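S.K.: quick one, fold the following:
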Amino acid sequence: MDVTHLAAVDSTRAARVLSEVRAARLAGQPAPVSPRPVIERSWERMLRGGIDPDHDVRVDPLSREEVQRRRETSVLRHVLPVLREGLLAAADVAHHIMVVADEEGRVLWREGSPPVLRKADGLGFALGADWREDVVGTNGVGTPAVVRRPVQVFASEHFVRSQAGWTCAGAPLIDPRDGRLLGVVDVSGPLETMHPATLAWVGSVAKLAEARLREMHVESLERLRAVAAPVLARLGGRALVVDPDGWTAAVSGMPYVRRVALPKSLSAGPARLPALGPCTLEPLAGGWLVRAVADEPVPHSPARIVLDLRPARRWSVEVRGGAGSWTRELSPRHAELLYLLALNRSGRSASGLAADVFGDPARTVTVRAEMSRVRRYLGAFLEHRPYRFAEEAEVEVLLPDDPRDLLPHSTAPAVSRQRSATPTP
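M.R.: Residues are numbered from 1 along each chain as shown. Predicted coordinates for the structure are as follows:
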């Protein structure tokens, strides 16, 4: 049976036939037609796992704060514009919704037709909900994540009866670098509004999103390569520069390797890597310099960090270390956070920084997300629990001549106190 064709021609008959197929299979009786193979294999997994087809199970959704935290740390946030441009306009007109879930099946974004969003609420298809296949049965989020390919689930092809009035087309979003599952994008709605081409459409947009991730990776390696070139030019022996995930940007004195396995906990100093054996690691802007210890060691001296808050709206951090010097311009929020850490060398907790920046110690989710972004380029020199500069790092803060010009647009209570506490020369 061509389910997509039948649903396009006569959705009512398609729903009836699929209901008969499901009922027969669950009763262990011959079905009028065979389920599609991808659906039949999913049903078999559900039966083995003990999923109740007549009672839906709803795991407590994530809190709003946890949803926001996952959004801010998910790679998928970078491809939301691609997904929205490719899916939302048509989905809204056709009375569908677009759903993006993370690799754990948790719904992080949900947009589209308001009436369909309300219907989704009734199914428990809400923000933060858990739609893994082994939790809620065969569906357009959980099943594509299991089989790692686009899947459309029509009406009673859903294993759980309460979802029978719903049709989904979902496609996995795969990290193009290493094949890791990042999440699933899904277009859902009532059966009568679903088009036979929906699955191909969703799959194509998912591939566009993966292509964008690939472009971003190439761009980040090109930026790192520009930083690496002058460093490798002055060093002899075997060395390479990699990003924080071990992808190679440049090599010197050795054959090119696409990726090296880095220690789970990265820190400057000696290490042993499968690709090179005994090595020394030195932080660079956006990555690491890896050098074989059999060669002349990289000169080691305590890192010097200069936080320049003098120019209006052009704040920066400069790092001077054994691998050379590099500078990064800071956003207003990052300038605030680094300044407060420089004032408190013993460290600040997430709630302490939230009180310093927002006057509200409960806003820890935002602080953790921002500190996660800071650690991407300054992680080798920052500790956490509490957040603080590394003890061996020398930190210098360059302040404006007039204390009233200290981060003048900042409304952070701790910064305001510093502006008023510092006497005018």
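
S.K.: let me see the contact set for Glu222.
M.R.: Shown in contact with Glu222 (C-beta atoms under 8 Å, 6 or more residues apart in numbering): Ala249. For glycine as for every other residue, the C-beta is placed from the backbone atoms N, C-alpha and C.

S.K.: show me the shaky parts of the stretch 151-300 of the chain.
M.R.: For the stretch 151-300 of the chain, applying pLDDT under 70 flags the ranges 294-300.

S.K.: again, only using 90
M.R.: 154-156, 164-166, 177-179, 189-198, 226-238, 244-245, 252-286, 292-300 (pLDDT under 90).

S.K.: how about the strands in it?
M.R.: 151-153, 166-174, 181-190, 239-242, 248-252, 269-273, 277-284, 287-292 (DSSP state E, counting those that start in this stretch).

S.K.: the fourth one - contacts with which helices or strands?
M.R.: The one in question is strand 239-242. Applying 3 or more C-beta pairs under 8 Å, 6 or more residues apart in numbering; DSSP states H and E, we find strand 239-242 packed against helix 198-233, strand 248-252, strand 287-292.

S.K.: ok, back up a step: just so I know, which of the strands of the stretch 151-300 of the chain lies nearest Glu329?
M.R.: Ranking the strands of the stretch 151-300 of the chain by proximity to Glu329 (C-beta to C-beta) places strand 277-284 first, at 16.6 Å.

S.K.: and Phe381, what does it touch?
M.R.: Phe381 touches Pro283, Ala303, Ile305, Val319, Phe389, Ala390, Ala393, counting by C-beta under 8 Å, 6+ apart.

S.K.: from the residues you listed, which two are the most distant?
M.R.: Pro283 and Phe389 (13.4 Å).

S.K.: per-residue pLDDT, the spatially most central residue of the chain?
M.R.: In the chain, the residue lying closest to the centroid (C-alpha atoms, centre = their mean) is Ser74, at 1.6 Å. On pLDDT, Ser74 comes in at 93.

S.K.: state the number of residues packed around the closest residue to it other than its chain neighbours.
M.R.: Excluding its sequence neighbours, the residue lying closest to Ser74 (C-beta to C-beta, 6 or more residues apart in numbering) is Asp102, at 5.8 Å. Using other C-beta atoms under 10 Å, Asp102 is surrounded by 23 other residues.

S.K.: Glu44: which element?
M.R.: helix 37-49 (DSSP states H and E).

S.K.: contact partners of that helix?
M.R.: 25, 34-35, 53, 133-134, 137-138, 143, 146-147, 151, 153, 157, 159.

S.K.: same check on stretch 250-263?
M.R.: 224-225, 228-229, 232, 235-242, 244-248, 271, 273-276, 288, 290, 292, 295.

S.K.: show me how to select, in ChimeraX, the buried members of those residues.
M.R.: This is the ChimeraX syntax for the buried subset of the contacts of stretch 250-263, where burial follows 16 or more other C-beta atoms under 10 Å:
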select :224,228,232,235,238,239,240,241,242,244,246,247,248,271,273,275,276,288,290,292
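
S.K.: quickly find the element holding Thr327.
M.R.: Using DSSP H and E, Thr327 falls in strand 324-329.

S.K.: per-residue confidence averaged over that strand?
M.R.: For strand 324-329, the mean confidence score works out to 74.

S.K.: and the helix or strand that that strand is followed by, how far from the chain's centre?
M.R.: Following strand 324-329 in sequence order, the next helix or strand is helix 332-343 (DSSP H and E). Taking C-alpha atoms, centre = their mean, to the nearest Å, the mean C-alpha location of helix 332-343 is offset from the chain mean by 24 Å.

S.K.: which strands or helices does helix 332-343 pack on?
M.R.: strand 304-308, helix 350-358, helix 364-378, strand 388-389, strand 394-398, helix 413-421.

S.K.: list the buried ones in it?
M.R.: For helix 332-343, using 16+ other C-beta under 10 Å, the buried residues are Arg333, His334, Ala335, Glu336, Leu337, Leu338, Tyr339, Leu340, Leu341, Ala342.

S.K.: could you tell me the angle between that helix and helix 413-421?
M.R.: 70 degrees (axes from the mean of the first three to the mean of the last three C-alpha atoms, to 10 degrees).

S.K.: CA atoms only: put helix 332-343 into PDB for me.
M.R.: Extracted C-alpha coordinates of helix 332-343, given in PDB (Å, rounded to 0.1, in the frame of the first residue of the first chain):
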ATOM      1  CA  PRO A 332      29.600  44.400  26.500                       C
ATOM      2  CA  ARG A 333      28.500  41.300  28.500                       C
ATOM      3  CA  HIS A 334      31.800  39.500  28.300                       C
ATOM      4  CA  ALA A 335      33.600  42.700  29.200                       C
ATOM      5  CA  GLU A 336      31.500  42.900  32.400                       C
ATOM      6  CA  LEU A 337      32.000  39.300  33.400                       C
ATOM      7  CA  LEU A 338      35.800  39.400  32.900                       C
ATOM      8  CA  TYR A 339      36.100  42.600  34.800                       C
ATOM      9  CA  LEU A 340      34.100  41.200  37.700                       C
ATOM     10  CA  LEU A 341      36.300  38.100  37.700                       C
ATOM     11  CA  ALA A 342      39.400  40.300  37.700                       C
ATOM     12  CA  LEU A 343      38.100  42.100  40.700                       C
END
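
S.K.: which residues are contacting it?
M.R.: 307, 309, 313, 315, 317, 330, 347-348, 353, 356-357, 367, 370-371, 373-374, 378, 382, 387-389, 395, 397, 407, 409-410, 412, 414-415, 418.

S.K.: 6 Å instead?
M.R.: For helix 332-343, contacts defined as C-beta atoms under 6 Å, 6 or more residues apart in numbering pick out Leu307, Trp315, Asp356, Val357, Glu370, Val374, Phe389, Val395, Val397, Ser410, Ala412, Ala414.

S.K.: looking at the helices and strands packed on helix 332-343, which is closest to Val185?
M.R.: helix 364-378 (22.5 Å).

S.K.: straight-line length of stretch 335-349, end to end?
M.R.: Length of stretch 335-349, first residue to last, C-alpha to C-alpha, to the nearest Å: 17 Å.

S.K.: for it, what is the distance to the chain centroid?
M.R.: 26 Å.
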